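Participant: predicted model and sequence below, questions to follow.
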Amino acid sequence: MSGERRVADSRITVARASAADAGVVARLVHALLDELSGGKALAPADLQSSATHLLEQGQVEGLIATLDGKPIGVLMLNPCAAIYAGGRFGEITELYVTPAHRSDGVAALLLAEAKDVAKEHE
């Protein structure tokens with residue numbers, strides 16, 4: 001993961017995902033889809049090629065939250081534009097935190113980093 005940023009007073013880090021992290025992204029997105037579909041999601045291997053392609057092409061920005069090096073959350077941010085919005089904005093298409101860490105503020109950390117990413121694209 002490139003551009004790692006450690007959150008103060010925490011063992012949780014949030015870093016940008018690269019194409020090299022596509023397997024981690026695919027596993028976390030699979031967990032999200034599996035939870036939402038009641039166990040009927042595609043296998044992580046089926047999602048990995050899409051994750052690799054989108055990250056390689058820069059079509060999405062991925063963020064991965066880790067605790068002591070173990071992935072515990074993901075956020076995928078897509079660039080969009082609309083007349084009603086007055087131009088460009090980011091759309092969060094996937095946001096997932098492992099159940100054991102949902103009360104640890106991980107989603108808030110991912111969202112804070114997503115805001116920083118969006119500001120870079122203004």
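Facilitator: Perfect, I can see it now.
Participant: residue 68 contacts residue 11, doesn't it?
Facilitator: Yes. With contacts counted by Cβ atoms under 8 Å, residue 68 reaches residue 11, the gap being 5.5 Å. For every residue, glycine as well, the C-beta is placed using N, CA and C.
Participant: contact partners of stretch 65-77?
Facilitator: Contacts with stretch 65-77, where a contact means Cβ atoms under 8 Å, 6 or more residues apart in numbering, come from 1, 11-15, 17, 24-25, 27-29, 32, 60-64, 90-98, 100-101, 104, 106-107, 109-111, 113-114, 117-118.
Participant: tell me the buried residues in it?
Facilitator: 65, 66, 67, 71, 72, 73, 74, 75, 76, 77 (16 or more other Cβ atoms under 10 Å).
Participant: next, the second one: secondary structure please.
Facilitator: By that I understand residue 66. Three-state assignment for residue 66 (DSSP: H, G, I helix; E, B strand; the rest coil): strand.
Participant: confidence score at it?
Facilitator: At residue 66, the model reports a pLDDT of 96.
Participant: equivalent analysis for the fifth one, please.
Facilitator: Confidence at residue 72, expressed as pLDDT, is 96.
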